[in-house]
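Peer 1: Need a 3D model of the following:
(one chain, ligands or ions: 1)
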Amino acid sequence: MTTEALVAEYFSSGTLAGLPSGHFIDGGFVAASGGRMMETFDPGASRAYHSFAAGNGDDVDRAVAAARRAGREWGWTKAGARGAILFRAAQIIRAEAGRLAVVESLDSGKTLQEAEGDVAGAVRCFEYYAGAADKIQGDTFPIGADYIGYSIEEPVGVTAHVIPWNYPLSTAARSIAPALAAGCTVVAKPAEQTPLTALMLADILLRAGLPAGVCNVITGTGAEAGGPLVAHPDVRHVTFTGSVATGIRVMQSAAANVASVVLELGGKSPLIVMADADMDAAVEGVLGAIYENAGQICSAGSRLVVERKIHAEMVERLSARAGSLRLGHGLRRPEVGALSSAAHLVKIEGYIEGARTRGIAIAAGGSRASDPENGKGWFFQPTILDAVSADDPVVQEEIFGPVLSVQVVEDEEEAVAVANGTDFGLVAGIYTGDFGRAHRMARDIDAGQVYINEYFAGGIEVPFGGNKLSGFGREKGFQALRSYTRTKSLTAKIS
Ligand code: NAD
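Peer 2: Residues are numbered from 1 along each chain as shown. Okay, the predicted model is just below:
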């Protein structure tokens, strides 16, 4: 079925045929043990369109037991064979990209073209780690002629993956693919707002040849399904992406079992534009950095740090562009899609009301919006808050929406100080025409990744993760594999 036919099916019937609704445990879809279901919503029309299993601790126990049983065989499967299965999964994802993108757009509210980009990113993830599987190797140690010493990189065992709602498929792919490549087994828990594409991914992996039980998906709320998963004594590693508060709780649960964690907790990332930058490129860069996925990106460039000489021109150009961006239901391919939930819209609105009360100038947007065709949906206008002081909540706190805060600086030194002036340290962007300055500033910025002259440059090859409250550990690249392996050293006397 073509993408257009799927979109037409949704708009005429109000749902899509064949969507998954059970957990995926031990190689198949199963009902929740308690029999309870939850609804998933179309944010572009603010209506429920499908139900899925509301999991609990019993479901988690079943999934972890399946993952544990499957672990020994998968861990000892020849690495090249593991890679071949991941490569087949990449091919199936590519073949079914249209359906995955439509479901992702519908479930999350993002535009269809963004969802298509996410699916392409998931393909790259599986290709990359397919190739990496047979390159995970140990060392030898020079401990004398009478000894041999070497190490094996073993899989850590059962791994838990707690997935957020902003990039449901691509975040699932970027942690599940390296875990499987390393020989680990998986229990994933997608966000309750966006449960569907992780379930579809588990089914694709099975069809690609992954043995039953190696990849399981439990759906449900964070409290009822996520909590028991990250606290499970048989889970040896947790990769979590989401809020700081939940990340701290997850780390505490994992600590009780001395399980390792990678935390990817979002940010308040600065995008510095110096007066010597290419202004056209900078304007486009800032717009993409904050309005992509309606600003619901952990690494969004949510603070524009701009040199005073170009401040007025930048804000004028950005406001004109922000005001002209076309909002709408994701499946209509607008420029900006809906927010993930009604609760999230209310949270964003609260930040803007607060800014208004404190007298902050709103250079663009500032209000709720709706899909122009159905008059519904959870939308917020692309918004710009101008000349905000460094200690204001809209500068210090993650809004996670289409809201750009502008901070004005005098020079390079102040730009770096302002960039570093929050508790977060995920990424930063720098636009400047001066190569030396770009690298000086990048050196001094406290962040896990710095983009120069193109925000979001890079892909699965580049390690990603944050400093300070943005978390620790790295996903993507070869570094991600470190979370899923542990070193066993072997030493032997031979004469
Ligand atoms: P959250 O951190 O509560 O949820 C993220 C994931 O964690 C979901 O799958 C959720 O079900 C699960 N979860 C929740 N409580 C859990 C628990 N006790 N144990 C295990 N898993 C649990 O985030 P949210 O409430 O959906 O969003 C709140 C804010 O978090 C957003 O406004 C945004 O600022 C931030 N956020 C950041 C990212 C990111 O990419 N870093 C993603 C989503 C949300």
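
Peer 1: okay, CA-based contacts and neighbour counts for the rest of this
Peer 2: Noted.

Peer 1: Phe240 in helix, strand or coil?
Peer 2: strand (DSSP: H, G, I helix; E, B strand; the rest coil).

Peer 1: Next one: it relative to Ala275, how far apart?
Peer 2: Counting by CA to CA, to the nearest Å, the separation of Phe240 from Ala275 is 38 Å.

Peer 1: Counting neighbours, go ahead and name the busier of the two.
Peer 2: Neighbour count, other CA atoms under 10 Å: between Phe240 and Ala275, Phe240 has more, with 25 against 18.

Peer 1: Those residues of the stretch 201-350 of the chain touching the ligand, which are they?
Peer 2: With the criterion set to CA under 6 Å from any ligand atom, the stretch 201-350 of the chain comes near the ligand through 221-223, 226-227, 230, 241-243, 246, 250, 264-266, 297-298.

Peer 1: Quick check, central residue of the chain?
Peer 2: Thr171 (4.2 Å; CA atoms, centre = their mean).

Peer 1: and that residue, what is it in contact with?
Peer 2: Neighbouring residues of Thr171 by CA atoms under 8 Å, 6 or more residues apart in numbering: 163-164.

Peer 1: And the strands in the stretch 1-150 of the chain?
Peer 2: 23-25, 28-30, 37-42, 47-53, 140-141, 147-155 (DSSP state E, counting those that start in this stretch).

Peer 1: if we can go back for a sec, just the buried ones from the residues of the stretch 201-350 of the chain next to the ligand?
Peer 2: 221-222, 226-227, 230, 241-243, 246, 250, 264-266, 297-298 (16 or more other CA atoms under 10 Å).

Peer 1: Out of the strands of the stretch 1-150 of the chain, which gets nearest to Arg321?
Peer 2: strand 37-42 (27.0 Å; CA to CA).

Peer 1: is the ligand contacted by the closest one?
Peer 2: No. Shown here: strand 37-42 not in contact with the ligand (CA under 6 Å from any ligand atom), separated by at least 12.8 Å.

Peer 1: Let me see the mean pLDDT of that strand.
Peer 2: Averaged across strand 37-42, the pLDDT comes to 98.

Peer 1: quick one: contacts of that strand?
Peer 2: Contacts made with strand 37-42 from outside it, assessed by CA under 8 Å, 6+ apart, are listed as 47-54, 106-109, 192-195, 220.

Peer 1: would you say Lys347 is within a helix?
Peer 2: Yes. Counting by three-state DSSP, Lys347 is part of a helix.

Peer 1: now the closest residue to Lys476 other than its chain neighbours: how far from the ligand?
Peer 2: Counting by CA to CA, 6 or more residues apart in numbering, Pro463 is the residue found nearest to Lys476 once chain neighbours are left out, at 4.8 Å. Between Pro463 and the ligand the computed distance is 15 Å (CA to the nearest ligand atom, to the nearest Å).

Peer 1: Could you do Ser483 as well?
Peer 2: 18 Å.

Peer 1: Look at the residue nearest to Lys476 and say how many residues are nearby.
Peer 2: Per other CA under 10 Å, the neighbour tally for Pro463 reads 17.

Peer 1: How about the contacts made by the residue in the stretch 251-400 of the chain positioned nearest to the ligand?
Peer 2: For the stretch 251-400 of the chain and the ligand, the shortest gap (CA to the nearest ligand atom) falls at Gly266, measuring 3.5 Å. Applying CA under 8 Å, 6+ apart to Gly266 gives the contacts 241-244, 297-299, 398, 424, 426, 466, 470-471.

Peer 1: need the contact list for Gly366.
Peer 2: 352, 380-384.

Peer 1: at 10 Å what do you get?
Peer 2: Shown in contact with Gly366 (CA atoms under 10 Å, 6 or more residues apart in numbering): 348-349, 351-353, 355-356, 380-385, 402-403.
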